[in-house]
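Engineer: Sequence and predicted structure are below.
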Amino acid sequence: MRDGRMQGLLAILRLAVLTRDEKAMKKERNAMDMGIRGKRALVCAASRGLGLGCARSLAEAGVDLVMNARGAEALEASAQAIRDEFGVTVVTVAADITTEKGRAAVLSEAGAADILVNNAGGPPPGMWTDWQREDFIKALDANMLTPIALIKALVPGMMARGWGRVVNITSQSVKSPIAILGLSNSARAGLTGYVAGTSRQVAGKGVTINNLLPGIHATDRATALDTGVAEREGISLEEAKARRCATIPAGRYGTPEEFGAACAFLCSKHAGFIVGQNILLDGGAVNATL
Ligand code: NAP
């Protein structure tokens with residue numbers, strides 16, 4: 001009688017252990033394998049915001065990183081957090097990616113990178129009458145000519161190895177230009193045109209180039225733009241944010257985590273047939289389905 005009860009208890013325990021293991025296995029099976037573990041990525045402008053979101057998602061997929069930003073301290077802190085959390089190798093290069101010297105420093109560490117995420121700070125807002133030739137040159141350097149220079153430096157190696165991924169962080173302003181961001185509209189339109197042609201010239205060698213177009217995401221850049229609106233219109237920062245949220249069907253700002261996940265997918269083995277696309281991540285804000 002006692003033996004019978006003991007065996008019953010053991011059976012229940014075995015079942016509980018099995019259910020727990022099965023649950024863990026199911027979770028493992030459900031986590032999508034990006035197929036890029038052990039690859040090497042250069043992520044530019046990545047100490048904060050969307051660039052950091054991309055770096056973190058790639059690290060989660062097992063990718064080793066070269067991370068860049070100008071400020072060394074914040075960059076190293078973000079890199080260390082990634083090393084601690086995901087166990088990948090992270091090299092940091094504190095440099096201005098929009099300068100030739102900065103790019104040379106970054107490229108010497110990037111070596112034979114398999115993945116390139118192009119990013120830099122966005123140009124300041126203003127009125128069409130504000131911008132002089134020098135302002136345009138600065139915006140073109142940062143948001144058009146820098147990504148093109150890095151593509152030209154790294155894509156030939158990717159083509160030779162038969163595999164590569166490039167993701168350019170641009171803006172929803174490519175599909176729906178924002179009046180006060182004329183410098184950004186101009187530079188990003190130029191990069192978009194370049195990518196449209198180039199992506200189709202390199203796709204046959206296993207290299208994809210695509211653009212991710214952020215709508216409003218909760219980063220320092222969004223706060224800076226909201227602060228400008230608040231000051232111009234004499235309202236609080238909260239009010240400026242609430243007004244902007246009301247223009248987004250999702251009713252909120254996007255997060256760097258969501259943005260990073262989309263980037264990691266574009267860099268994954270699953271995305272080899274996505275070529276030369278401009279993918280909006282904007283909570284439905286741009287009503288341009290057709
Ligand atoms: P963010 O939060 O201000 O972060 C910018 C990151 O880029 C920081 O790590 C910054 O670090 C680095 N950076 C800036 N200029 C750099 C340079 N010249 N060289 C190297 N690193 C540089 O900006 P974000 O919101 O992530 O925006 C990223 C890009 O997406 C920008 O081009 C922005 O215009 C565009 N975008 C953002 C949104 C949005 O809602 N957030 C919407 C549309 C488009 P350091 O300052 O230390 O260099």
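Structural biologist: Okay, I see it. Every value quoted in this text rests on a predicted model; they were computed, and no experiment measured them.
Engineer: and residue 147, that's in a helix?
Structural biologist: Yes. Residue 147 forms part of a helix when assessed by DSSP: H, G, I helix; E, B strand; the rest coil.
Engineer: and the nearest residue to it once chain neighbours are set aside, what does it touch?
Structural biologist: Counting by Cβ to Cβ, 6 or more residues apart in numbering, residue 118 is the residue found nearest to residue 147 once chain neighbours are left out, at 3.7 Å. For the C-beta atoms, the positions are set from N, CA and C on the backbone; glycine is no exception. Residues near residue 118 by Cβ atoms under 8 Å, 6 or more residues apart in numbering: 44, 146-147, 150-151, 166-169.
Engineer: again, 6 Å this time
Structural biologist: The neighbours of residue 118, taking Cβ atoms under 6 Å, 6 or more residues apart in numbering as the test, are 44, 147, 150, 168.
Engineer: looking at this, the last one is in a helix?
Structural biologist: No. In this structure, residue 168 is strand, not part of a helix, as judged by three-state DSSP.
Engineer: so what's it bridging to?
Structural biologist: With DSSP bridges as the criterion, residue 168 is bridged to residue 118, residue 211.
Engineer: hmm, back to that, local confidence estimate at the residue nearest to residue 147?
Structural biologist: With respect to pLDDT, residue 118 scores 99.
Engineer: For the ligand, see how far away it is.
Structural biologist: Going from residue 118 to the ligand by Cβ to the nearest ligand atom, to the nearest Å gives 10 Å.
Engineer: Show me the shaky parts of this protein.
Structural biologist: Scanning the chain for pLDDT under 70 picks out 1-30.
Engineer: ranges for the strands of it?
Structural biologist: Assigned by DSSP state E, the chain shows strands spanning 40-43, 64-69, 90-94, 115-118, 164-169, 207-214, 278-281.
Engineer: so of those, which one's packed in deepest?
Structural biologist: Per residue and on average, the most neighbours among the strands of the chain fall to strand 115-118, with a mean of 29 (mean count of other Cβ atoms under 10 Å).
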